[in-house]
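[1] Let's see this in three dimensions:
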Amino acid sequence: MKIEIKSWWTGAVVFEVEADSIRAALEIAVGRGANLGGADLGDANLGGADLGGARLETGETFAQYVESVVPALCTAGGRTLEEVAAAWDCHSWDNCPMRVAFNGAASPDDDCVPPLLRPRVHQFLRLFDAKLLPNPLGEKAAPACPATPGQ
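    Just a heads-up that it's a prediction; the model follows:
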């Protein structure tokens, strides 16, 4: 069946694919590096979907990405994982975890973000904005969005 994933804000289709289930469509989208930022997955019943085996465009599985890449990326700018994880529920660049991680960068392409890591920051943002990334500290995360460093 044809499955469409739509923007939460505009209702526009951000990804569509022929798949047997929403879970399969989401695995395909993640595997293809689809930009799911702002995707409306609120009513999606993924039934405990395990994206762990889905292979990302950068070669690692989703599980490897969550376990190894996310913590490394979050601390690459010199901040602690606790500082970055405190912004996990924030979905605005003003206090996004990547902005916190890279000390108040004005954008993902700011000079504060090393050029080698910019594609990884963009990848993180796609997955994060689609609400696919669990907080690396789990239940220990702060409930409110902190102020951005330097403000």
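[2] C-alpha from now on. contacts and neighbour counts both.
    Noted.
[3] lowest average confidence, helix or strand, in the chain?
    Within the chain, confidence by mean pLDDT, DSSP states H and E is lowest for helix 22-31 among all helices and strands, at a mean of 79.
[4] Tell me which helix or strand Lys6 sits in.
    Using DSSP states H and E, Lys6 falls within strand 2-6.
[5] Buried residues in that strand, which are they?
    Neighbour-count burial for strand 2-6 flags Ile3, Glu4, Ile5, Lys6 (criterion: 16 or more other CA atoms under 10 Å).
[6] Pull up the per-residue confidence for the last one.
    If I follow you right, that is Lys6. Reported pLDDT at Lys6 in the predicted model: 78.
[7] Enumerate the beta-bridge partners assigned to it.
    Taking DSSP bridges as the rule, Lys6 bridges to Val13.
[8] gap between it and Ala12?
    5 Å (CA to CA, to the nearest Å).
[9] Show me what whichever helix in the chain runs longest is in contact with.
    Counting by DSSP state H, the longest helix found in the chain is helix 118-129. For helix 118-129, the surrounding residues in contact (CA atoms under 8 Å, 6 or more residues apart in numbering) are 30, 33-39, 70, 73, 91, 98, 108-109, 133.
[10] Could you check how far that helix is from the centre of its chain?
    Taking CA atoms, centre = their mean, to the nearest Å, the mean C-alpha location of helix 118-129 is offset from the chain mean by 6 Å.
[11] for stretch 4-23, same thing?
    17 Å.
[12] Just the buried positions in that stretch, please.
    Residues of stretch 4-23 classed as buried by neighbour count (16+ other CA under 10 Å): Glu4, Ile5, Lys6, Ser7, Trp8, Val14, Phe15, Glu16, Val17, Ala19, Ile22, Arg23.
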